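# after the sequence you'll find the predicted model.
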Amino acid sequence: MILSLKAIQEETEVSEVLERDWWPAAESDQILGIDVPLHVRIKVAKVDDKFLLEGKVTGGVLLRCDRCLDSFHWDLASRFHLSLLSPKPGNEPMEVELLDDDMEVEFVQGEAIDLDRMIMGQIYLSLPMKSLCKEGCLGLCPACGVNLNVKRCECAPQNINPAFEKLKNLKP
Ligand SMILES: [Zn+2]
Ligand SMILES: [Zn+2]
């Protein structure tokens, strides 16, 4: 969805529900998709030469566990505030400047905002540092690849130092 800033006189509010098919397949390795439809509410206010955006995204996403690579549900609740500096009249090309340095600007297109891109960016920003399906996830066996949360395997303990492993192989 594209939100044109030109049309905004004082304040506008966008609210929408993003269903599972909103998330592009194969968009990322970390986020596998939408688990519970996302409720999005974004308020945009024009104050002098700035646009102030206040938004909220809630719902659930499917993440991939860093250890066992299984997918798991993660509750998403993200709030964000952004300020955009509107273009000065007579300046060509018209461009919206972002006040926050650390924000990515890819969702600003001329005098419009690509809301989908912006929401996706916010979802990425709100993700946990480490995606784990549960605390103490056992991960995959490095030898046979079995998911150790689900199954046990007969592989030797995996704490063998690779240097010793080499020595062992040298023996006749
Ligand atoms: Zn896991
Ligand atoms: Zn194994």
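Cool, the structure landed. Residues are numbered from 1 along each chain as shown. Ligands and ions are numbered 1, 2, ... in the order given.

# packing partners of the helix ranked longest in the chain?
When the chain is parsed with DSSP state H, its longest helix is helix 115-126. Helices and strands touching helix 115-126, by 3 or more C-beta pairs under 8 Å, 6 or more residues apart in numbering; DSSP states H and E, are strand 31-47, strand 50-64, strand 71-85. (Each C-beta comes from the backbone N, C-alpha and C, glycine too.)

# how close does the residue nearest to R41 when sequence neighbours are not counted get to C137?
Counting by C-beta to C-beta, 6 or more residues apart in numbering, S15 is the residue found nearest to R41 once chain neighbours are left out, at 4.4 Å. Note on S15: its distance to C137, by C-beta to C-beta, to the nearest Å, is 36 Å.

# cool, and K6?
Taken as C-beta to C-beta, the span from K6 to C137 is 49 Å.

# these two: which is more packed in?
Comparing K6 with C137 by other C-beta atoms under 10 Å, the one with more neighbours is C137, at 18 against 10.

# look up how far L148 lies from the residue nearest to R41.
Counting by C-beta to C-beta, the gap from S15 to L148 is 43 Å.

# neighbour-wise, which of those two wins?
L148 (17 against 10).

# right, and the more buried one touches C133 too?
No: if you go by C-beta atoms under 8 Å, L148 and C133 don't touch, sitting 12.0 Å apart.

# list residues touching both of those two?
C68 (C-beta atoms under 8 Å, 6 or more residues apart in numbering).

# just to revisit the earlier point, looks to me like the residue nearest to R41 is in a strand.
Yes: if the criterion is DSSP: H, G, I helix; E, B strand; the rest coil, then S15 is within a strand.

# and the pLDDT for it?
On pLDDT, S15 comes in at 94.

# and if you look at the one 4 residues further on?
pLDDT, E19: 96.

# now do G55
G55 is given a pLDDT of 93.

# enumerate every residue touching it.
Applying C-beta under 8 Å, 6+ apart, the residues near G55 are V40, R41, I42, K43, S78, R79, F80, H81, L82, M118, I119, Q122.
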